[in-house]
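1. Mind looking at a prediction? Sequence and model below.
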Amino acid sequence: FDAKDYPDAGLDNNYCRNPEGHPRAYCYRLDSYQFCNVPYCFPPQSSCSSLDGNNKELKDACAYHQCSDSSYPVNVIYPEEDVIDYCRCHYVIWDCEHASKNCDGDFLFASGDKILDKVVDKKNEYECCVQNEKDSNSNAKAASCECILKRGCEMGNAEKCYEFADHCCEVDDNECQCEYLRKASHLALEQSDTRKDSDIGIDPANRFVVFAQRTCCPEIDIGGCACDFWEPLCNEFHDKTFYEGDVNTPVCDRVSQWCCGRRSGLDGNHCSCDFYTHVISSFGSYSMTYLRENMCLKADGGFVPDHAFDLETLRTIYKETEGDHWSINTGWMTEQDHCTWHGLSCNDEGHVTKIMMKSNDVSGDFPSNYLSKLYALEALDLADNNLWGTMAGTHRWGHRDSTVFFNLRHL
């Protein structure tokens, strides 16, 4: 445009120009020159079919298309936020060398803190991308992973951490994926980013943490890895919630699910009761009062002491550990009062309180699952016997389950 064609527009000194051969067009505004915000046409993928080895601009653009595999087959990328981050270095190099050309740290025409910060950030990205592109061992995504995603993650961008885990870690590198998904989860929770994501219908923080747990703890392991994953999150973010459907779920509720077994339908009421009591007393999280009351009510009313349970457990122990060959098995499996059987002690109600069978040739895979029925049990001594298997890691319904002892309130 020429100002003389618009005499009443007040554009005498305000039009795009390029004096002194500056690589960018700029205009006169408020007694200073500022860059013109002109979009630049990004070569379409179709132009790569006629790639000329001497055309560096087209070569740089086609490197982006090859990296992105045309996931977003756009011809013009403006604003540049549309660029795929794990291929962004190819675009940055193209933009800095052929399009905006504003990546050399020339701040002569920049004004305002935000504009200056953006120019500085773009300069740093460009220098990092160029340096990493020179590495002959770098694949198409390596530079972008290092300069865009990893850098963004370290600066506190949860989405960048998630994308690094998804696109930059090797497929079989579970440790790398777990590390960056944990970082994404932590940042999202730290920044209170617990709002619903309109695109995917769930809370972004919830999305990151779910992927992190599945990656870090691929096996369903009640009371194991998943429990260890959630407990520190509860300790640090006990006041945060996840948006699940139409319900806000406290972060600490996941501990009850994965440490006490509620998510798998296991009877972890005593564990959940104790856990919620701890959270309320330690953190003042009174929003969990209802959950605590519900779990404690189930724990108190979910088990009715019965001598039959004691006898069933004792007979199973005898059968599964070769009781006929014990050094001493006086009274066992007879009609005598079970409280008189060798190694046992009972309370006034006739419930077993102690099983003392040290060095008694007790052999086999100890039936730990049955111990939860001895609700009054206070002591268990099986030292110096020939036993195998696990105690705190028994299996139920195909899952490792450490909740079978939560009815043992005195042990």
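-> Okay, I see it. Numbering: from 1, shown residues only.

2. OK, contacts around Glu163?
-> Listed by C-beta atoms under 8 Å, 6 or more residues apart in numbering, the contact set of Glu163 reads Asp85, Tyr86, Leu149. For glycine as for every other residue, the C-beta is placed from the backbone atoms N, C-alpha and C.

3. 6 Å - rerun?
-> Shown in contact with Glu163 (C-beta atoms under 6 Å, 6 or more residues apart in numbering): Asp85, Leu149.

4. element containing it?
-> Using DSSP states H and E, Glu163 maps to helix 158-167.

5. Let's see the following helix or strand past that helix as CSV, backbone CA atoms only.
-> Using DSSP H and E, the helix or strand that directly follows helix 158-167 along the chain is helix 174-190. Output in CSV follows, covering the C-alpha atoms of helix 174-190 (Å, rounded to 0.1, in the frame of the first residue of the first chain):
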residue,chain,number,x,y,z
ASN,A,174,9.9,-47.9,30.7
GLU,A,175,12.1,-46.1,33.2
CYS,A,176,12.3,-43.0,30.9
GLN,A,177,8.6,-43.0,30.3
CYS,A,178,7.8,-43.4,34.0
GLU,A,179,10.2,-40.6,35.0
TYR,A,180,8.6,-38.0,32.6
LEU,A,181,5.0,-39.1,33.2
ARG,A,182,5.7,-38.7,37.0
LYS,A,183,7.0,-35.2,36.3
ALA,A,184,3.9,-34.3,34.2
SER,A,185,1.6,-35.6,37.0
HIS,A,186,3.5,-33.7,39.7
LEU,A,187,3.5,-30.4,37.7
ALA,A,188,-0.2,-30.7,36.8
LEU,A,189,-1.1,-31.2,40.5
GLU,A,190,1.3,-28.6,41.7
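
6. List the buried residues of the next helix or strand after helix 174-190.
-> For helix 174-190, the succeeding helix or strand toward the C-terminus, using DSSP H and E, is helix 204-216. Using 16 or more other C-beta atoms under 10 Å as the test for burial, helix 204-216 gives Pro204, Ala205, Asn206, Arg207, Phe208, Val209, Val210, Phe211, Ala212, Gln213, Thr215, Cys216.

7. May I ask which two of those are separated the most?
-> Largest separation among the buried residues of helix 204-216 by C-beta to C-beta: Pro204 and Cys216, giving 18.3 Å.

8. Tell me how far the residue lying closest to Asp52 once chain neighbours are set aside lies from Ile84.
-> Leaving aside its sequence neighbours, Asp52 sits nearest to Leu58 (C-beta to C-beta, 6 or more residues apart in numbering; 6.6 Å). Plainly put, Leu58 is 19 Å away from Ile84 if you go by C-beta to C-beta, to the nearest Å.
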